[in-house]
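[1] Next input, structure requested:
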Amino acid sequence: MSVGNVCVVSPAGGVGGIVGVSMSSEITIADAFEKWADDLVSYATALVGPDDAADAVHQAFLDVMASDRWDQVREPRGYLFRATLNAARSQRRSQTRRAAREWRARPESLMRHELLSDPAVVDAVNSLSLQPRAVIFLTYWDD
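    Okay, here's the model as predicted:
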């Protein structure tokens, strides 16, 4: 059920809760979802991986539903692929920002263990005799 360019969503009805969207385009957003969702998920899998692909596609459809451009779209399939690409890019930027925040906020104890994962540090420590090695351990890793 729809009124103008408004989409009515029901958790129990339609595809993914979409009951219907009525716009002047030849295909409704709900029909487009039914028709191309699998192709879009495959495409998104190549962009963001299998764990995040469905999220990118769903975000793309939410963005399309929130936009007032659907009635002007001439190539709905291409438009949805572009919307999926944009959603994947946004998702990737968000993940990158989150990883950077987590990296900056990591506990000091993890920073110490990161030194041990550097092969150059491990080789340098292993080349030392037992007493300097013990000093390094007690100074840096056993506070």
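[2] which other helices and strands contact the longest helix seen in the chain?
    In the chain, assigned by DSSP state H, the helix with the most residues is helix 76-104. Counting contacts by 3 or more C-beta pairs under 8 Å, 6 or more residues apart in numbering; DSSP states H and E, helix 76-104 packs against helix 29-48, helix 53-66. For glycine as for every other residue, the C-beta is placed from the backbone atoms N, C-alpha and C.
[3] Identify all contacting residues around the last one.
    Residues from elsewhere that reach helix 53-66 (C-beta atoms under 8 Å, 6 or more residues apart in numbering): 7, 16, 21, 29, 33, 37, 40-42, 44-45, 47-48, 70, 79-80, 83-84, 86-88, 90-91.
[4] Nearest residue to the residue nearest the centre of the chain in space, ignoring adjacent ones along the chain?
    In the chain, the centroid-proximal residue (C-alpha atoms, centre = their mean) is Gln91; its distance is 3.6 Å. Leaving aside its sequence neighbours, Gln91 sits nearest to Ala56 (C-beta to C-beta, 6 or more residues apart in numbering; 5.4 Å).
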